[in-house]
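Peer 1: Could you look at this predicted model? Sequence included:
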Amino acid sequence: MRDKPWIFRTYSGHSNARESNALYRKNLAKGQTGLSVAFDLPTQTGYDSDHVLSKGEVGKVGVPIAHLGDMRALFADIPVAEMNTSMTINATAPWLLALYIAVADEQGAPRERLQGTTQNDIVKEYLSRGTYVFPPAPSLRLTKDVILFTTREMPKWNPMNVCSYHLQEAGATPVQELAFALATAIAILDTVKASGEVAPEAFGDFISSLAERGYVGANITLPHKEAALAMSDPDDRARAVGAANTLWYDGGRLLSTNTDVEGFTANLDACVPGWEKRAGEAVVLGAGGSARAVIYGLIERGIGKINVVNRTPERAQALQVLFGPVVQPIHWAALPHLFSRTGLVVNTTSLGMTGQPPLAIDLEPLPRHAVVADLVYAPLETPLLAAARARNLAVADGLGMLLYQAVRGFQMWFGVRPDVTPQLRALVETDLGK
């Protein structure tokens with residue numbers, strides 16, 4: 001699929017709305033394909049141009065917009081329905097967006113056709129620029145309100161843009177900049193989710209509009225993997241596992257797979273080449289979604305007997321129904337006897353994860369050729385892996401699976417298959433250790 005041409009626009013705005021409008025129309029006539037509005041500091045902080053605190057700042061670093069008349073003059077003779085308009089505005093983003101919508105309504109432009117972006121990233125204002133108006137909690141609520149409104153009324157609009165380069169300008173290292181950017185995105189998403197105002201069916205609406213929004217695919221996480229499966233054309237892996245975590249378009253069709261399967265087996269291939277020849281019987285601890293992906297991967301690689309151990313026997317029995325007699329539900333009490341003939345142990349539970357109880361099992365009965373894999377990657381060296389290393393058993397940690405499961409999606413989205421290199425792993429390990 002050929003990429004759409006990039007939008008060409010200049011970040012601009014000066015003096016007053018009328019002069020800025022003349023600049024915009026001049027640039028558009030010369031081939032500019034979108035608009036990027038710079039607002040002056042009084043506008044950014046919610047002051048009218050005639051306020052005493054605005055003295056000396058009106059029209060300096062952008063255009064002053066204080067009311068509908070200003071916004072109307074800014075977009076005079078510019079059909080906003082045909083524009084892609086970026087507005088670099090944060091604390092007062094709801095008000096400036098409302099004025100833009102009012103102008104669009106006056107022009108007769110359907111709201112569902114409006115395209116553009118409000119930066120609406122208030123968190124970084126507290127950390128770097130300082131152009132905030134309200135305390136953090138009310139500010140996050142306003143950000144959330146803009147997101148919810150545009151989702152309903154303006155589906156082509158980007159309601160929020162995490163902007164982090166200011167942090168580095170304020171003294172942050174590149175790693176800190178990225179960390180704060182991700183933390184901001186998480187805080188915004190958590191605020192939207194906690195509002196309870198996003199209906200479950202909104203996921204389907206978003207997925208069905210991916211192509212229209214310009215996306216080539218998506219990565220899906222809990223709790224939406226099963227819904228993504230139902231909305232796409234899944235491959236055998238996704239269908240067997242009952243969940244899709246990677247979507248991409250091919251010839252107009254939305255395809256899906258479950259990359260946890262190949263992430264698991266590719267990681268074992270890298271850590272313990274030839275592992276399937278020594279596996280014999282396998283033991284899978286846990287019976288959740290990750291266990292389904294692991295079991296399917298083991299079946300693909302010819303493992304003939306997979307013992308599933310779970311504290312809720314009914315869930316292990318359900319996996320036998322799903323995958324057939326190759327899967328045997330086993331009680332925890334049978335592990336010591338079972339381990340004596342087991343060549344591969346895989347932990348798919350959260351036991352051993354930071355903040356969770358350790359996985360308390362005795363690995364002493366395992367034969368010397370056995371392999372122990374743990375899907376947990378925080379900490380990187382779990383108690384289970386430490387016990388296996390103490391017995392000089394081959395091991396595979398959860399970080400490798402995380403890296404390898406991302407390869408397929410990257411290839412489907414961008415046409416390039418990346419390599420999981422020691423250098424990449426070392427970078428991620430360093431980050432995890434901080």
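Peer 2: Yep, it's here. Numbers count the residues shown, from 1 in each chain.
Peer 1: and the next element down the chain from the helix or strand encompassing L335?
Peer 2: Secondary structure assignment for L335, by DSSP states H and E: helix 335-339. Sequence order places strand 342-347 as the next helix or strand after helix 335-339, per DSSP H and E.
Peer 1: one step back: buried ones in the helix holding L335, by neighbour count?
Peer 2: In terms of neighbour count (16 or more other C-beta atoms under 10 Å), helix 335-339 has its buried residues at L335, L338, F339. C-beta here means a position set from N, CA and C on the backbone, and glycine is covered the same way.
Peer 1: ok, S15 - contacts?
Peer 2: G59, V63 (C-beta atoms under 8 Å, 6 or more residues apart in numbering).
Peer 1: Swap in 6 Å and give it another go.
Peer 2: By C-beta atoms under 6 Å, 6 or more residues apart in numbering, S15 lies in contact with G59.
Peer 1: Show me the domain layout of the protein.
Peer 2: 11-194, 202-258, 261-400 (automatic domain parsing).
Peer 1: if we take the buried residues of helix 335-339, which one ends up nearest to H51?
Peer 2: L335 (72.8 Å; C-beta to C-beta).
Peer 1: And the pLDDT for that closest one?
Peer 2: Looking at L335, its pLDDT reads 90.
Peer 1: Distance of it relative to E429?
Peer 2: 31 Å (C-beta to C-beta, to the nearest Å).
Peer 1: Can you lay out the domains of the chain as a markdown table showing distance to K4?
Peer 2: Formatted as a markdown table, these follow (distance: least, C-beta to C-beta, whole Å):
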| stretch | distance to K4 |
| --- | --- |
| domain 11-194 | 11 |
| domain 202-258 | 6 |
| domain 261-400 | 30 |
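Peer 1: comparing those domains, which gets the lowest mean pLDDT score?
Peer 2: Lowest mean pLDDT within these: domain 202-258, a mean of 90.
Peer 1: Report the distance from that domain to the chain centre.
Peer 2: Using C-alpha atoms, centre = their mean, to the nearest Å, the distance from the centre of domain 202-258 to the centre of the chain it belongs to is 14 Å.
Peer 1: First-to-last residue distance for that domain?
Peer 2: Start-to-end span of domain 202-258 (C-alpha to C-alpha, to the nearest Å) is 22 Å.
Peer 1: Now do the contacts for the residue nearest the centre of the chain.
Peer 2: The centroid of the chain falls nearest to N219 when counting by C-alpha atoms, centre = their mean (6.9 Å). For N219, the contacting residues are T246, G409, by C-beta under 6 Å, 6+ apart.
Peer 1: Next, it: phi, psi?
Peer 2: Backbone torsions for N219, taken as degrees, to the nearest 10, come to phi -100, psi 130.
Peer 1: What distance do you get for it to S128?
Peer 2: Computed as C-beta to C-beta, the N219 to S128 distance reads 29 Å.
Peer 1: Repeat that for P5.
Peer 2: 32 Å.
Peer 1: Compare these two (neighbour count), which wins?
Peer 2: Neighbours were counted for P5 and for S128 using other C-beta atoms under 10 Å; S128 has more, 20 against 7.
Peer 1: CA atoms of stretch 366-382 as CSV?
Peer 2: Backbone C-alpha positions of stretch 366-382 (Å, rounded to 0.1, in the frame of the first residue of the first chain) are rendered in CSV as follows:
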residue,chain,number,x,y,z
LEU,A,366,14.3,-32.4,36.4
PRO,A,367,16.8,-34.3,34.2
ARG,A,368,20.1,-32.5,33.3
HIS,A,369,19.0,-31.9,29.8
ALA,A,370,15.9,-30.0,30.8
VAL,A,371,15.1,-26.5,29.7
VAL,A,372,13.3,-23.9,31.9
ALA,A,373,11.5,-20.9,30.4
ASP,A,374,9.8,-18.1,32.3
LEU,A,375,7.6,-15.6,30.5
VAL,A,376,8.0,-13.1,33.3
TYR,A,377,10.6,-10.4,32.5
ALA,A,378,10.4,-8.1,35.5
PRO,A,379,12.6,-9.1,37.2
LEU,A,380,14.7,-10.4,34.4
GLU,A,381,16.2,-13.1,36.6
THR,A,382,13.2,-14.7,38.3
